[in-house]
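1. quick one, structure for this:
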Amino acid sequence: MASLFRIPSSNIFKPLSRSFATEAKKQVASKSEPNTHFKITLRRSAIALGERKKETLVALGLHRRMQTVYHVHSPEAAGKILKVKELVEVENVPAKAVRSQSEQRKERKASRGYQVQGTKLGGLSWETS
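-> Residues are numbered from 1 along each chain as shown. Next up, the predicted model:
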């Protein structure tokens with residue numbers, strides 16, 4: 001009966017491995033470019049919340065769910081994020097990862113699925129001039 005609960009002596013003082021989150025932080029820290037912007041995505045709606053929360057979202061530039069905006073690291077942006085922390089998802093990104101609204105739209109747009117090689121109507125007189 002005593003052998004069922006016996007722990008091998010080699011495993012008693014063996015340190016446990018670190019979590020994946022710790023390893024990920026080390027990898028991010030080793031990159032050469034520093035994180036300079038907040039990537040803020042509105043995940044939850046503020047319909048049932050007070051006017052102050054809604055105004056804070058508007059001040060951040062968030063108008064609809066799943067919308068993403070970028071803000072430079074600043075105390076003002078951090079304070080606004082803390083006011084609506086339950087509604088948004090925040091990520092630290094470097095300056096090269098910042099996307100404008102039109103760039104985000106192009107990334108979301110699906111490809112046509114085909115490519116136009118030429119048309120039979122290509123040689124008409126009104127198209128050449």
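2. tell me which stretches of the protein form strands.
-> 35-42, 68-72, 88-94 (DSSP state E).
3. want to try CSV for these, with mean neighbour count, mean pLDDT and distance to Arg112 as columns?
-> For glycine as for every other residue, the C-beta is placed from the backbone atoms N, C-alpha and C. Putting the strands of the chain into CSV (neighbours: other Cβ atoms under 10 Å; pLDDT from 0 to 100; distance: least, Cβ to Cβ, whole Å) gives the following:
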stretch, mean neighbour count, mean pLDDT, distance to Arg112
strand 35-42, 19, 95, 27
strand 68-72, 17, 96, 24
strand 88-94, 15, 95, 30
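4. in this structure Arg43 contacts Met66, no?
-> Yes. Here Arg43 reaches Met66: they are 7.4 Å apart, a contact under Cβ atoms under 8 Å.
5. circling back: out of the strands of the chain, nearest to Glu107?
-> Nearest of these to Glu107, taken as Cβ to Cβ: strand 68-72 at 10.5 Å.
6. what's the angle from the closest one to strand 35-42?
-> For strand 68-72 against strand 35-42, the angle by axes from the mean of the first three to the mean of the last three Cα atoms, to 10 degrees is 150 degrees.
7. if we can go back for a sec, so which of the strands of the chain is nearest Glu103?
-> Evaluated with Cβ to Cβ, the strands of the chain place strand 68-72 nearest to Glu103, the distance being 10.6 Å.
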